[in-house]
Structure formats: structure tokens, C-alpha cells
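> Structure for the following, please:
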Amino acid sequence: MAEITAAAVKELRDRSGAGMMDCKKALSEANGDMEAAVDWLRAKGLAAAQKKSSRTAAEGLVGVAVSGTKGVAVEVNSETDFVAKNEQFQDFVRSVTNVALSNGAADADALASADYPGGGTVSEKLVANIATIGENQTLRRVGSVSVSNGLVVDYVHNAVVPGLGKIGVLVALEGDASADVLQPLGKQLAMHIAAAFPLALSADQIDPAMLERERAIAAEKAAESGKPAEIVAKMVDGAVAKFAKENALLSQLFVIDNKTPIADVVAKAAKEAGASITLKDYVRFQLGEGIEKEESDFAAEVAAAAGV
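Down below sits the predicted model:
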């Protein structure tokens, strides 16, 4: 029997996209013959994963998990919403979210290389899932928040199953208030964040490029007013300030009453509890945001396949 080297396993992984253990087994079955090993993987449906990875993955699930003073959110994309209802896919998203929570993975690359429960890495399990389920899947992003003293609260809007859905939110509340106070407050704030889609915690944290874009738009509108330059400048400054106020979480009006700024909601809860509470940070992941979904023309695909 031919010796199976690490270099051969790596080469087969690069060519096929299959998991390390699958590649090693394929080479063993093929007695070290690379092409025969590829054929073995294809026969098992494992080598198809790499080819499928060229397709856009814009559906899937967002998973959230918390443990006291820390919490994580993970987005895993698939090509269709049908896969999001697949129990194997749901189990994978739930598991990788818990892996991220336990090992503190800072980003998707770090999480991909982490150990997966039951053996192998997260990346290897993902490739195996692609081959088994038959759709491309992507470990897209990881977000986390933590506090030194207080509580992190999670929320999933319209959860498919507990902890998994299309919008996941984490709220980090720092302070010495009890969990009985922080938990319901965090839940209300998380629901607000899911609905109001803030761009940053405070106005000074909003992307400067976004503010400049708003300034340019406001300047063009104000210039059409025909008013003096100094008035136009004030109009522009006012429009940018209004945009920042409406899109920074702390200055947004609470969706429940549409009149109280979030900062005041937190301050009121702290005063009533006789404790300190600070809204330190948040994460809001909405499935597929920023991904341009690939549109398919079925008629064109059929014509192309027929050589028309």
C-alpha cells in the first residue's frame, strides 16, 4: 500500500475542496493515485463542494448565544431558504455559534479553523455539509460583545428555532444592577435594535464616509432653495445632525413609545433600580445584508444547456 503523505492530502484538498479525513480516506482507497482519489470523492459526492462554492450564498441563518457577561452572533449563508429549514444545517449553525462563544473566535477565519464538536474543524464540517446537503454554504461573519460586570442579552427576531433566525441581536449592559433588571431591559433594547436598525452606538461612531454622503445630498438639496450661503450651510449642518441623531442607537427614539431617547430609557431603568446601568455595545446581524443575491434566468440556463 502506498504511503499517504500530508502533502498529497493537502493537494487533494486544494483540488477537491473535501475535508482532510475524506481526502486521506480517498487516497487510501485509491492506493495513492491522485486522479483515482478525485474520482472516489466525486463518486461519494464530496468533490462537488468546491465547484458549488462559486454560487452566491445569500440565505441561511443567524445564530446567537450568550453566557453571562459575553455573547456572540454568527451568520452562516446558504443559497436557498429551504436549506435554512434543514435540521442538519440548523445543528451546524447552532454548534458553530457555541464554538465561537466558548473559544472567543474574533472573526470567521478564526472560527473556521476551530475544533468542531465530534472531530475535525469547523471548516471541514462545513465542506462535508455542502457535499451532503448539495448547496453552497458560507461561514460569513462573527460578532461579539462582553462586559466586565453586568449582562449580555440576546434576541432573535422571528426565530426559526430557539437561538436561530434571520435577525440576531446582542445587547451589552454594563453595571451593578441585578439580572432581574438587566434581562427585561436588554430584551426591550434588543427588540428596538432589531426594528430600528441603528448604524452605531453613538453619533460620533457613525462611518464618516456615510456622513459625508449625507452632507453632499443635503448640500445639493439646500442649494436649490435659493437662500443665502450662510443659511444653506446651517441647513446642511442641520440635516446631517438629524441623520446622525436618527441613526445612532443612544439618540434614537424608543420604538415602544416613539418619544423617549434610548439613552433616557437606560437612565430611567438605572434610577428606578437604584443601580448603575450603561449600554456599552450591541451587535445586530441581519441575514444577507450587504450580499447581492445572484439572479438566475431559468430559460437562459435551459437554452445554454441545450446549446441554443
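> From now on I want contacts and neighbour counts done on CA atoms only, so please keep to that.
Fine.
> Wasn't V169 part of a helix?
No. With DSSP: H, G, I helix; E, B strand; the rest coil as the criterion, V169 is strand rather than part of a helix.
> Check it and give its pLDDT.
The score at V169 is 98. That number is its pLDDT.
> Chain neighbours aside, what residue packs nearest to it?
R284 (4.6 Å; Cα to Cα, 6 or more residues apart in numbering).
> quick one: the strands in the stretch 151-300 of the chain?
For the stretch 151-300 of the chain, strands defined by DSSP state E, counting those that start in this stretch occupy the ranges 164-165, 167-175, 277-286.
> of all the ones you listed, which lies closest to F89?
strand 164-165 (10.9 Å; Cα to Cα).
> From the contact counts, what lies against the closest one?
strand 59-67, helix 87-103, strand 150-157 (3 or more Cα pairs under 8 Å, 6 or more residues apart in numbering; DSSP states H and E).
> With distance to D109 and mean pLDDT added, can I get the ones you listed in a markdown table?
Below are the helices and strands packed on strand 164-165 laid out as a markdown table (distance: least, Cα to Cα, whole Å; pLDDT from 0 to 100):
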| stretch | distance to D109 | mean pLDDT |
| --- | --- | --- |
| strand 59-67 | 17 | 96 |
| helix 87-103 | 11 | 97 |
| strand 150-157 | 23 | 97 |
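> on that earlier part again, redo the strands of the stretch 151-300 of the chain as CSV? Include mean neighbour count.
Listed next are the strands of the stretch 151-300 of the chain as CSV, based on neighbours: other Cα atoms under 10 Å:
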stretch, mean neighbour count
strand 164-165, 26
strand 167-175, 27
strand 277-286, 21
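> Quick one: those strands as JSON lines, columns for distance to A203 too.
Shown next, in JSON lines, are the strands of the stretch 151-300 of the chain (distance: least, Cα to Cα, whole Å):
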{"stretch": "strand 164-165", "distance to A203": "29"}
{"stretch": "strand 167-175", "distance to A203": "18"}
{"stretch": "strand 277-286", "distance to A203": "13"}
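> Which one, of those strands, ends up nearest to I130?
Of all those, it is strand 164-165 that lies closest to I130, at 19.3 Å by Cα to Cα.
> pLDDT below threshold where in the stretch 51-200 of the chain?
When residues are selected by pLDDT under 70, those of the stretch 51-200 of the chain lie in 51-57.
> Let's see that with 90 instead.
Low-confidence segments of the stretch 51-200 of the chain (pLDDT under 90): 51-58, 79-84, 106, 118, 134-136, 158.
> so V66 sits right up against V147, yeah?
No. Between V66 and V147 no contact is recorded; they are 11.7 Å apart, counting by Cα atoms under 8 Å.
> Please name the residues that touch the residue nearest in space to the middle of the chain.
The centroid of the chain falls nearest to E75 when counting by Cα atoms, centre = their mean (3.3 Å). When contacts are counted by Cα atoms under 8 Å, 6 or more residues apart in numbering, E75 is found next to G60, L61, V62, G63, V93, L139, R140, R141, V142, F285, L287.
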